[in-house]
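In: One predicted model, sequence on top.
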Amino acid sequence: MGLVRVVWGTATGPTATASYDAALAAANVHDYNLVTVSSVLPGDARVEVVGEAPDLGPAGNGLTVVQGRATLAPGAEGTAAAALGWSRSAEGPGIFYESGGTDPDAVRRRVEDGLEHGRSLRPDRTWDGEDGLRLVTADPDPDRYVTALVLAVYGESEPLC
């Protein structure tokens with residue numbers, strides 16, 4: 001059985017990329033090359049909400065993720081908000097939906113609406129399994145970029161070459 005860990009982080013930095021990298025460091029996934037997948041939860045995988053990832057292998061390896069994120073420029077209005085939600089069918093397989101933006105309530109609604117729509121696209125399943133949602137926010141900074149992110153991390157890292 002596989003394991004999908006839900007991790008998150010917030011951080012600031014002098015550039016958008018630096019704040020993103022620092023938020024990845026807060027989630028302990030900053031030393032991996034992230035490989036984004038389209039949000040399907042395998043039927044035999046467990047979801048574990050952990051906040052910070054353990055050591056998942058050597059630096060530079062690829063790490064399969066679903067990612068919600070938002071980055072604000074210095075002095076921006078609003079709040080950096082990122083969300084990741086999941087829904088598992090009674091049969092086992094499930095879905096993730098992710099979103100990011102500057103209004104936490106709107107970000108949450110988009111994830112909830114996405115999950116509802118995703119379930120409707122799979123009418124052959126009974127949707128009374130495990131559900132969850134993690135919303136992460138970060139206040140704006142007058143002088144630095146701010147990033148909030150939440151990721152579903154699939155298993156361990158793997159070599160890219």
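Out: Yes, it's here.
In: is it fair to say Leu149 lies in a strand?
Out: Yes. With DSSP: H, G, I helix; E, B strand; the rest coil as the criterion, Leu149 is part of a strand.
In: That one against Val136, yeah?
Out: Yes. The pair Leu149 and Val136 passes the contact test of CB atoms under 8 Å, sitting 6.8 Å apart. Every residue, glycine included, has its C-beta placed from N, CA and C.
In: Overlap of the contact sets of these two?
Out: Between them, Leu149 and Val136 have Trp8, Gly9, Thr10, Ala82 as joint contacts when contacts are counted by CB atoms under 8 Å, 6 or more residues apart in numbering.
In: Tell me the most packed of the residues you listed, by neighbour count.
Out: Neighbour counts for the shared contacts of Leu149 and Val136 (other CB atoms under 10 Å) peak at Ala82, which has 30 neighbours.
In: Helix or strand for that residue, just tell me which one.
Out: Ala82 is part of strand 80-88, with elements assigned from DSSP states H and E.
In: now for the helix or strand that that strand is followed by, which elements pack on it?
Out: With elements assigned by DSSP H and E, the helix or strand that comes after strand 80-88 is strand 94-101. Contact partners of strand 94-101 among helices and strands, from 3 or more CB pairs under 8 Å, 6 or more residues apart in numbering; DSSP states H and E: strand 40-41, strand 62-72, strand 80-88, helix 104-120, strand 145-158.
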